[in-house]
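Asks: Sequence first, then the predicted structure, then my questions.
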Amino acid sequence: MSPSYMAPTNQCTGDNCTFVTVQAEFNITKTLIDPGEMTSSVFFLGNGVLGQIYAVAADRIGRRPVLIASLFISGLSGILAAYAPTFETMLIGRFFQGSCFTVGPIINHSLITQSIIPQALTMINWVMCCESTSLSGHGYASVLFGLCWVIGYCSVSPLAIYFSTWRYVQLATSVPCVLFGILMLFTLPESFSFLVAKRKRDELAKWIQMASRVGNEEIDCDADQIVDMSSREADNQTLWQTLKLVIQSKLMITYTAVESFLWIVDLMIYSALSLSSTGIGSMHFSYIVSGLVEIPSYFLIPAAIDWLGRKPSVMVCHMILAFSLLSMYLFDHEADPEIFLIIWLIAKFAVASAFMLCFVYGAELFPTNCRSICLGTCATISNIGAVMAPHVPAMDIFFPGLHYLFYALCSFICTILTTILPETKEFHNASRSQPQSLA
């Protein structure tokens with residue numbers, strides 16, 4: 001979200017106007033579309049084009065090497081962008097930096113548990129956690145990961161206050177990736193589930209010994225027995241066979257198309273609201289609260305999906321989002337700044353909740369044997385929304401606020417399309433104990 005400051009949608013008219021943006025340094029003139037906003041677009045374009053490479057690599061060679069490589073690629077590409085002599089060179093750096101980022105996971109049925117296989121950097125940490133801890137700890141871990149996301153999100157604002165140019169902000173958000181890459185190179189073990197799946201008995205035994213030593217607790221667990229038990233249940237279905245099953249199923253194609261649309265819209269609106277946050281009132285205050293407002297969703301959504309169900313929760317979130325965006329069109333930003341900010345924060349909370357539900361609902365919507373392909377498609381296609389997000393306000397040339405109406409319409413369509421999907425609450429517990437199959 002650093003482009004909120006590095007290449008803002010709205011020109012600064014208040015505090016911290018001495019900050020040198022990408023547009024100012026490279027003398028970029030805004031026409032119908034601001035080329036400077038490509039700073040954000042190429043980041044997600046890189047993820048959409050190259051992100052699946054990391055998914056394949058993580059499944060073939062392991063989570064640990066892909067995570068470490070992604071950290072170094074992301075950090076070094078970001079540093080290159082920070083020192084880029086031209087706008088085009090900076091975009092190249094941002095492209096490769098974005099290739100290591102992912103907006104969503106690919107779900108796969110592990111023989112130990114139902115775990116998540118990463119596309120790249122941001123989700124692979126969650127993968128390592130899911131595949132190396134018990135199911136009972138996943139709920140706590142998801143809250144912790146969400147809070148860490150908000151901390152990272154909000155930390156961009158202090159960096160923009162302290163530094164005077166986009167280059168230093170870009171550098172400050174890139175160097176930590178290299179440092180953490182070095183740290184994890186010496187401290188991070190391979191995923192437990194990956195070692196089981198690849199039948200690495202010796203490494204698995206060492207993993208168990210290390211866990212026993214670190215936890216200061218004797219673990220009565222035999223590596224050979226775990227591998228032997230898992231090999232009996234191995235799924236030998238090839239990627240091509242799975243793809244054929246999906247293509248031949250009109251139901252799976254329909255579900256994938258609907259979910260893909262939801263992912264595109266949710267990521268587009270989430271990115272748009274985040275990137276425009278510095279233009280709502282006080283730039284630093286509005287940006288920080290736009291991150292903090294996501295925190296309640298980490299606690300409310302788990303309760304909502306158990307109380308209301310998955311499908312109603314998705315519909316309610318998109319309906320709240322649609323009415324909030326419609327209200328943003330009706331209220332004058334300059335005449336009623338306080339009311340506008342409140343409505344804007346409600347919209348941000350709603351889209352953050354809706355986007356979180358994409359992961360939960362999608363993971364339960366598709367059968368186990370085609371989950372990877374279907375959700376992988378949704379996650380990859382969703383980058384279209386993030387690429388579009390900075391440029392949608394260009395439609396305001398027809399009349400002011402049109403982009404809010406566009407977002408509201410998209411959210412309302414999401415609500416209607418969700419009626420096509422089934423409720424998965426009743427099958428949630430059953431799916432944990434008995435894998436589903438499309439065949």
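Replies: Sure, I can see it. What you are looking at is a predicted structure, and each value in this text was computed from that prediction instead of being measured.
Asks: for the helix or strand containing Phe261, which positions count as buried?
Replies: When elements are assigned from DSSP states H and E, Phe261 belongs to helix 250-275. Neighbour-count burial for helix 250-275, counted by 16 or more other Cβ atoms under 10 Å, picks out 252, 255-256, 258-275. (Each C-beta comes from the backbone N, C-alpha and C, glycine too.)
Asks: Quick one: residues contacting Ile384.
Replies: The contact partners of Ile384, taken as Cβ atoms under 8 Å, 6 or more residues apart in numbering, are Gly48, Ile264, Met268.
Asks: From Thr31, how far off is the last one?
Replies: Right, the one you point to is Met268. 22 Å (Cβ to Cβ, to the nearest Å).
Asks: what do you get for Ser286?
Replies: 27 Å.
Asks: quick one: which of those two has more around it?
Replies: Ser286 (20 against 8; other Cβ atoms under 10 Å).
Asks: Not including adjacent chain positions, what is the nearest residue to that one?
Replies: Ile280 (4.2 Å; Cβ to Cβ, 6 or more residues apart in numbering).
Asks: Now do the helix or strand just after the helix holding Phe261 and helix 250-275, the angle between them.
Replies: Sequence-wise, the next helix or strand beyond helix 250-275 is helix 283-292, with elements assigned using DSSP H and E. If you take axes from the mean of the first three to the mean of the last three Cα atoms, to 10 degrees, helix 283-292 sits at 150 degrees to helix 250-275.
Asks: In PDB, list the C-alpha atoms belonging to helix 283-292.
Replies: Extracted in PDB, the C-alpha atoms of helix 283-292 (Å, rounded to 0.1, in the frame of the first residue of the first chain):
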ATOM      1  CA  MET A 283      -3.700  12.100   4.900                       C
ATOM      2  CA  HIS A 284      -1.900  10.400   7.800                       C
ATOM      3  CA  PHE A 285      -4.900  10.100  10.100                       C
ATOM      4  CA  SER A 286      -7.200   8.700   7.400                       C
ATOM      5  CA  TYR A 287      -4.500   6.300   6.100                       C
ATOM      6  CA  ILE A 288      -3.800   4.900   9.600                       C
ATOM      7  CA  VAL A 289      -7.500   4.500  10.500                       C
ATOM      8  CA  SER A 290      -8.100   2.800   7.200                       C
ATOM      9  CA  GLY A 291      -5.800   0.100   8.400                       C
ATOM     10  CA  LEU A 292      -7.000   0.000  12.000                       C
END
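Asks: Now do the helix or strand following it: which elements does it pack against?
Replies: Moving toward the C-terminus from helix 283-292, the next helix or strand (DSSP H and E) is helix 295-307. Packing contacts for helix 295-307, counted by 3 or more Cβ pairs under 8 Å, 6 or more residues apart in numbering; DSSP states H and E, involve helix 138-162, helix 310-330, helix 337-365.
Asks: Now do the second one: distance to the chain's middle.
Replies: Here the centre of mass of C-alpha atoms in helix 310-330, compared against the chain's by Cα atoms, centre = their mean, to the nearest Å, lies 20 Å away.
Asks: again with stretch 297-308
Replies: 19 Å.
Asks: Which residues outside that stretch are in contact with it?
Replies: For stretch 297-308, using Cβ under 8 Å, 6+ apart, the contacting residues are 139, 142-143, 146-147, 313, 316, 349, 352-353, 356-357, 360, 425.
Asks: mind saving the C-alpha coords of that stretch as CSV?
Replies: C-alpha atoms of stretch 297-308 as CSV (Å, rounded to 0.1, in the frame of the first residue of the first chain):
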residue,chain,number,x,y,z
SER,A,297,-13.2,-8.0,11.0
TYR,A,298,-10.6,-10.6,12.2
PHE,A,299,-12.8,-11.1,15.3
LEU,A,300,-16.3,-10.6,13.9
ILE,A,301,-16.1,-12.7,10.7
PRO,A,302,-15.3,-16.0,12.4
ALA,A,303,-18.4,-15.5,14.7
ALA,A,304,-20.5,-14.3,11.8
ILE,A,305,-19.9,-17.3,9.6
ASP,A,306,-20.8,-19.7,12.4
TRP,A,307,-23.9,-17.7,13.3
LEU,A,308,-25.2,-16.6,9.9
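Asks: Now the phi/psi pair for Thr9, please.
Replies: Main-chain dihedrals, Thr9, degrees, to the nearest 10: phi -70, psi -40.
Asks: The helices and strands packed on helix 295-307: which one's closest to Met90?
Replies: helix 138-162 (17.1 Å; Cβ to Cβ).
Asks: got a pLDDT number for Ile219?
Replies: Here, the pLDDT recorded for Ile219 equals 70.
Asks: so it sits right up against Trp207, yeah?
Replies: No. Applying Cβ atoms under 8 Å as the test, Ile219 and Trp207 come out as separate, 10.1 Å apart.
Asks: how near is the closest residue to Ser40 other than its chain neighbours to Tyr153?
Replies: Residue nearest to Ser40 in three dimensions, not counting chain neighbours: Pro3, with 4.0 Å by Cβ to Cβ, 6+ apart. Using Cβ to Cβ, one gets 13 Å for the distance from Pro3 to Tyr153.
Asks: For Ile219 and Trp207, work out which one has more neighbours and name it.
Replies: Between Ile219 and Trp207, Trp207 has the larger neighbour count (other Cβ under 10 Å), namely 20 against 10.
Asks: Please tell me I have it right and the more buried one contacts Val196.
Replies: No. In this structure Trp207 lies outside contact range of Val196 using Cβ under 8 Å: 9.6 Å.
Asks: Give the residue spans of the stretch 301-439 of the chain that score low on pLDDT.
Replies: Low-confidence segments of the stretch 301-439 of the chain, defined by pLDDT under 70: 368-369, 371-372, 427-439.
Asks: Mind pulling up the pLDDT for Gly146?
Replies: Looking at Gly146, the pLDDT reads 81.
Asks: which ones are touching it?
Replies: Glu294, Ile295, Ser297, Tyr298.
Asks: Can you report how many residues neighbour Cys414?
Replies: Neighbour count for Cys414, taken as other Cβ under 10 Å: 25.
Asks: An error on my part: the question was meant for Lys244.
Replies: 11.
Asks: any chance you could read off phi and psi for it?
Replies: Dihedral angles for Lys244 - degrees, to the nearest 10 - are phi -60, psi -40.
Asks: That concludes my questions; thank you for your assistance.
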